[in-house]
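J.: need a structure here:
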Amino acid sequence: MNHRLSAPFWLAADDTLRKRLTRLILIRLGAVLLLLGSVFAMDQLLTTKWKLVSELSTIISIVVVTCALTLIYAALLRYWAAHRPQAYIQIAGDILLITGLVSLTGIIESPFTALYLIVIFIASSLVSRRGTFVLMAFACVCYGLMDYAAYRHWWPFDWGNAVGSIPAHTLGSAIGFNFFAFLAVAFLGSQLHERLSRTDEHLAQANRNLSDLRAFSERVIASISSGLVTTDLKHYIISFNRAAEEITGYKAREVLGQHLSMVIPNIGSLLECGEEAAHQGHHLSRLNVECHTKSGRQIELGLSISPLTSTAGEITGFVLPFQDLTEVLELEREVRRQDRLAALGRVAAAIAHEIRNPLASMRGAVQVLGSEIALSEEQAQLMNIVLRESDRLDRIITDFLVYARPRRPEVSSVDLNEVLAETLTLLRMSPEIDNARHQLVPCLAPEPALVEADAGQIRQVFWNLSRNAVTAMPEGGKLTVSIARTPSGSEANAEQIEVTFSDMGIGMTEEQVERVFEPFSSFSSGGTGLGMSIVYQIINEHQGRISIKSVPGQGTAITIRLAALRHSMAVQAVARVRGN
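T.: As a prediction, this is how the structure comes out:
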């Protein structure tokens with residue numbers, strides 16, 4: 001239940017006024033207690049008793065009354081929501097208390113007359129200008145009536161005799177001087193309060209505008225799709241927007257106040273160049289930098305460095321907008337590779353046709369000569385070499401024509417876990433594997449890794465990649481093949497299946513990685529150089545992606561990504577497999 005008294009709308013509560021009234025109550029209580037303490041101290045210290053001491057009991061009564069009023073004011077402030085009338089009540093009560101105190105301490109000669117000025121000044125900060133003058137007039141009435149009553153000997157205290165002995169013109173001058181002081185304080189206090197109020201309003205409006213501008217800037221920075229980092233002159237991070245968090249994996253709270261090298265380790269030299277360019281009035285154009293996310297994934301960032309300047313034009317830090325160009329650069333390499341392979345395939349297919357027909361004629365002619373002429377043993381051996389190499393060349397041309405004109409895949413639901421398990425089983429039984437030196441480690445997905453693919457072509461892909469990995473480890477080593485589900489950046493495919501072949505072999509250089517999918521680009525002895533080209537073509541036909549990371553002398557990791565079946569389709573596919 002709400003126990004507060006209701007009030008009209010024009011007496012609505014004001015939090016600022018409430019706080020001021022609370023302070024006034026505390027200050028008043030402290031002042032009267034200090035007054036009481038001072039009186040007792042003077043009573044003990046002065047050898048000639050001051051005449052105020054004779055009225056000590058009356059002053060104590062005033063202190064008691066003030067304490068009682070303090071309790072009443074506190075209760076009103078707690079249970080009455082109309083704060084403006086309470087300000088008038090408290091100020092009027094203070095004027096009456098001061099009048100009583102002045103009447104007990106000499107009226108004209110009282111040192112406490114100055115308290116009127118203090119109360120009037122306080123009133124100017126609690127009520128309006130008109131209210132301040134009303135309270136000032138009330139103080140003048142109280143003070144004037146008190147002086148007049150004492151002058152007419154209507155005042156019951158001895159001080160009235162002293163006032164009555166003062167000439168009328170002197171008493172009038174004293175009263176007039178005090179009235180003028182009351183008026184001056186009321187006028188100056190109200191003026192000062194109005195100016196302070198306007199200043200507070202302007203400051204509050206400026207703070208609101210600044211807060212709105214800051215909130216707008218933060219929303220704009222947060223909504224930018226590019227990562228944005230600002231640093232000071234020592235390259236410590238000042239701000240880190242939401243896109244930067246998504247790209248790097250670091251949260252803003254983790255990197256604020258940290259050096260930029262925590263996020264981009266190899267940024268030092270670029271920052272020095274950026275600082276030099278900034279002092280020359282320029283900014284660094286787009287730069288590509290490799291770094292790792294918080295999870296350890298390697299990414300390529302495209303960034304630029306610009307100076308962060310103050311309103312005076314001084315450089316206070318740097319701004320680094322950046323984007324994740326990993327997929328963009330991979331797509332660019334993919335496009336270049338496809339263009340190169342397409343051109344090479346067209347030329348090579350035409351050459352293959354031109355070679356195959358003369359080769360068949362040559363082989364037929366050699367066979368005819370062999371059947372019509374008696375050959376020595378050495379001649380017969382040479383003829384067999386010609387025929388065998390002709391057959392091998394024909395097989396190479398046939399394989400290449402299959403690569404240049406592949407058949408369309410016959411897709412169905414395929415569990416990559418099963419295909420990989422079968423492939424590794426066949427590989428373990430092949431003569432290329434030395435169980436004492438080679439170790440095959442499959443890391444299958446915990447659930448069926450279903451994709452829509454041609455099972456035979458996917459099996460060929462796995463076989464070619466596994467054999468290449470084993471061939472790259474002539475001294476032995478471990479081949480790890482893992483299958484996992486990963487999120488897809490496309491809305492059409494919520495997930496994708498990622499298959500990674502990681503070996504500990506001799507590795508490849510950047511140039512070899514760039515040319516590994518080109519026909520006849522085998523880097524091992526005995527190969528035709530079509531295996532990786534066929535792998536690339538099959539994955540491309542399945543709308544998949546293939547990427548290679550290799551370090552010479554450390555090994556190679558080849559990753560294949562295929563679109564995973566949607567959940568409903570995957571459930572149906574599993575049911576069909578179990579039914580069969």
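J.: Just the strands from the stretch 451-580 of the chain, written as ranges.
T.: Ranges of strands within the stretch 451-580 of the chain are 477-487, 495-502, 545-551, 555-563, based on DSSP state E, counting those that start in this stretch.
J.: Mind putting the ones you listed into CSV with mean pLDDT and distance to Ile538?
T.: Backbone N, C-alpha and C define where each C-beta goes, glycine included. Formatted as CSV, these follow (pLDDT from 0 to 100; distance: least, C-beta to C-beta, whole Å):
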stretch, mean pLDDT, distance to Ile538
strand 477-487, 88, 17
strand 495-502, 91, 13
strand 545-551, 89, 9
strand 555-563, 91, 10
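J.: Reformat these as a markdown table; add distance to Ile89.
T.: What follows is the strands of the stretch 451-580 of the chain, written out as a markdown table (distance: least, C-beta to C-beta, whole Å):
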| stretch | distance to Ile89 |
| --- | --- |
| strand 477-487 | 69 |
| strand 495-502 | 73 |
| strand 545-551 | 81 |
| strand 555-563 | 79 |
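J.: can those go into a markdown table with extra columns for mean neighbour count and distance to Leu450?
T.: Formatted as a markdown table, the entries for those read as follows, by neighbours: other C-beta atoms under 10 Å; distance: least, C-beta to C-beta, whole Å:
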| stretch | mean neighbour count | distance to Leu450 |
| --- | --- | --- |
| strand 477-487 | 16 | 10 |
| strand 495-502 | 20 | 8 |
| strand 545-551 | 16 | 18 |
| strand 555-563 | 21 | 10 |
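J.: what pLDDT does Leu450 get?
T.: Listed pLDDT for Leu450 reads 90.
J.: Relative to Ala312, which of the strands of the stretch 451-580 of the chain is closest?
T.: strand 477-487 (47.2 Å; C-beta to C-beta).
J.: Now do the contacts for Leu303.
T.: Neighbour list for Leu303: Arg286, Leu287, Val289, Leu320, Pro321, Phe322, Gln323 [criterion: C-beta atoms under 8 Å, 6 or more residues apart in numbering].
J.: Name the residues linked to Tyr236 by a beta bridge.
T.: Beta-bridge pairing of Tyr236, defined through DSSP bridges, involves His259.
J.: one step back: quick one, which of the contacts of Leu303 are buried?
T.: Among the contacts of Leu303, those buried by neighbour count (16 or more other C-beta atoms under 10 Å) are Leu287, Val289, Leu320, Pro321, Phe322, Gln323.
J.: Surely the second one is in a strand?
T.: Yes: using DSSP: H, G, I helix; E, B strand; the rest coil, the assignment for Val289 is a strand.
J.: Report whether the expected contact of it with Val263 is present.
T.: No: using C-beta atoms under 8 Å, Val289 makes no contact with Val263, being 10.6 Å away.
J.: helix, strand or coil for Ala244?
T.: Under three-state DSSP, Ala244 comes out as helix.
J.: Please name the nearest non-neighbouring residue to it.
T.: Nearest residue to Ala244, sequence neighbours excluded (C-beta to C-beta, 6 or more residues apart in numbering): Gly227, at 3.6 Å.
J.: Could you pull up phi and psi at that neighbour?
T.: phi -70, psi 140 (degrees, to the nearest 10).
J.: Look at it and say how many residues are nearby.
T.: Gly227 is flanked by 22 other residues according to other C-beta atoms under 10 Å.
J.: Verify the stated contact: it with Gly249.
T.: No: in this structure, Gly227 is not within contact of Gly249 by C-beta under 8 Å, at 11.4 Å.
J.: in the protein, which spans are strands?
T.: 227-232, 237-240, 284-292, 298-309, 315-324, 412-415, 438-443, 450-453, 477-487, 495-502, 545-551, 555-563 (DSSP state E).
J.: of these, which approaches Val516 most closely?
T.: Across the strands of the chain, closest to Val516 is strand 545-551 (C-beta to C-beta), at 6.5 Å.
J.: Report the strands that pair with the closest one, each with its relative direction.
T.: Assessed with DSSP bridges, strand 545-551 is paired to strand 555-563 (antiparallel).
J.: Contacts made by the partner strand with the rest, please.
T.: Contacts of strand 555-563 (C-beta under 8 Å, 6+ apart): 416, 451-453, 461, 465, 469, 472, 477, 486, 488, 492-493, 496-505, 507-508, 539, 542-550.
J.: ditto for stretch 230-250
T.: With C-beta under 8 Å, 6+ apart, stretch 230-250 has contacts from 221-222, 224-229, 251-252, 255-263, 271, 275, 291, 293-295, 297, 299, 301, 308, 315-320, 322-324.
J.: list the buried ones in it?
T.: Those would be 230-231, 235, 237, 239-241, 243-245, 247-250, for stretch 230-250 by 16+ other C-beta under 10 Å.
J.: likewise stretch 422-441?
T.: Residues of stretch 422-441 classed as buried: Thr423, Leu424, Leu427, Ile433, His438, Leu440 (neighbour count, 16+ other C-beta under 10 Å).
J.: show me where pLDDT drops low in the stretch 151-300 of the chain?
T.: Scanning the stretch 151-300 of the chain for pLDDT under 70 picks out the ranges 154-167, 169, 268-269, 274-286.
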